[in-house]
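[1] quick one: sequence and predicted model below, then my questions.
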Amino acid sequence: MTTQAAVAERKALVERSLHVGDPLADAVIAEMDELGAPARGTFNEGLEKGLASLQDVPPAIAALLAEVQAVPDWVDAEKLARGETGYLSVEVQWTQIALALGSLLPEYSTPRIAGVLAGTGRLVTITQRRLQETGKWLNSVALPGGMLLGGPGYLDTVQVRLMHARVRKTLLKHGHDTATLGTPINQVDLVRTWLDFTYSPLEALQKLGITFTDDEMAGLYGYWHYVAYLLGVDPDLYQSITNHQEAGEWYAAIAAVSGEPDENSVALTAATIEVLTGMLSQMTFKTPLPLTKDLVAAFARRILGDDLSDRLGVATSELVPLVELFAQGNRQSRRWLRLSDEAWQQGLKENIAARRFLISLTEGATVYEQNLAA
């Protein structure tokens with residue numbers, strides 16, 4: 001049970017963290033801007049092959065590479081494997097729905113984050129690409145071996161960290177109001193994003209009938225501790241989160257300082273729903289667009305609740321009761337799979353293949369890869 005003193009300490013930490021960025025990553029971006037393409041090439045080589053493979057390494061690059069390559073003592077292969085299995089046991093269409101509606105829409109409800117993402121215009125086109133790139137990163141993180149040193153999830157996560165630093169520098173250069181909004185992409189925003197890829201989708205999946213055992217939950221949160229470490233999140237903001245209840249308490253504390261959804265939140269929500277509707281209509285449910293749009297709205301309301309859905313501009317839907325039928329089917333399917341190790345392993349094999357196929361659909365370099373192009 002969380003004590004009042006612990007609640008007060010957590011609140012104070014969150015408030016302080018609004019004004020803290022990522023000094024190591026920020027220094028690397030400054031160094032790359034000063035030294036140009038050779039520095040980016042050095043970093044990429046060191047990230048893939050290891051710091052020991054380099055000579056005459058600029059100090060900021062050396063410091064960051066040393067940190068991300070020093071795997072913490074609390075990380076071990078068994079824990080990583082348990083965390084992988086948790087995500088990989090879920091069929092791709094449900095992780096897509098949980099990602100779009102359970103992860104991204106709550107993230108967009110934070111006006112600090114929504115303002116950064118909405119500032120580029122062409123929301124539908126950009127949102128479609130963002131969903132693809134976010135899915136590529138998430139699948140790279142979850143696939144077997146993805147988070148081992150040099151693995152695709154490991155590489156992508158460190159690249160995402162430096163993309164955050166690039167955006168932070170750009171916003172500060174263009175007069176970001178730090179007094180009102182805090183440091184751009186601050187530690188609160190980072191841990192909020194981390195929770196929107198742990199607590200939020202796990203909560204969404206459970207509302208869709210896809211449940212996890214306590215051991216699976218512990219494995220998932222332990223796995224994502226390592227992701228947080230590579231992303232440069234302050235350990236004090238995530239290391240105490242070992243189960244879903246604790247994650248929910250932290251989520252509530254973060255939400256309390258996140259602000260109310262604004263016009264950018266609503267615009268991003270509409271664009272995300274439009275993109276997800278097209279994907280599900282064409283590739284998954286193969287239902288007419290109007291019907292699929294109503295179904296997506298029903299999923300969103302099931303996952304987010306009516307209050308947040310209303311504030312994000314999600315349409316009402318008469319299909320909300322139908323979502324319970326999907327949830328019942330998922331609960332039954334998961335029960336049957338758990339009764340047969342052979343069926344469970346076959347499901348994992350199929351889900352892994354589907355995730356690898358989705359990664360292959362992302363054409364060209366991602367934004368986080370382009371940021372480090374030599």
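    Everything's here; your move.

[2] what's the local residue count around the closest residue to residue 134 other than its chain neighbours?
    Once its chain neighbours are removed from consideration, residue 134 has its nearest residue in residue 99; the separation is 6.8 Å (Cβ to Cβ, 6 or more residues apart in numbering). C-beta here means a position set from N, CA and C on the backbone, and glycine is covered the same way. Counted with other Cβ atoms under 10 Å, residues neighbouring residue 99 total 23.

[3] residue 10 touches residue 252, doesn't it?
    No - the pair residue 10 and residue 252 does not pass the contact test of Cβ atoms under 8 Å, sitting 9.9 Å apart.

[4] so between the two, which is more surrounded?
    Here residue 10 and residue 252 are set side by side on neighbour count (other Cβ under 10 Å), and the busier one is residue 10, at 19 against 11.

[5] check contacts around the more buried one.
    For residue 10, the contact set (Cβ atoms under 8 Å, 6 or more residues apart in numbering) comprises 249-250, 253.

[6] now the helices for the stretch 51-200 of the chain?
    Under the criterion DSSP state H, counting those that start in this stretch, the stretch 51-200 of the chain carries helices at the ranges 59-69, 77-88, 92-97, 105-108, 111-118, 123-142, 152-173, 178-181, 187-195, 199-207.

[7] which one of those lies nearest to residue 230?
    Distances from residue 230 to each of those were compared by Cβ to Cβ, and the smallest falls on helix 152-173, at 4.4 Å.

[8] residues contacting the closest one, please?
    Counting contacts by Cβ under 8 Å, 6+ apart, the residues outside helix 152-173 that touch it are 21-22, 25-26, 28-30, 33, 47-48, 68, 116, 136-137, 140-143, 146-148, 178, 183-185, 190, 227, 230-232, 366-369, 371-372.

[9] at 7 Å instead, please
    With contact meaning Cβ atoms under 7 Å, 6 or more residues apart in numbering, helix 152-173 is reached by 21-22, 25-26, 28-29, 47-48, 68, 116, 137, 140-141, 143, 146-148, 184-185, 227, 230-232, 367-369, 371-372.

[10] same check on stretch 84-97?
    Counting by Cβ under 7 Å, 6+ apart, stretch 84-97 makes contact with 142, 144, 205, 208, 210, 212, 216, 219-220, 223, 284, 299, 347-348, 351-352, 354-355, 358, all of which sit outside it.
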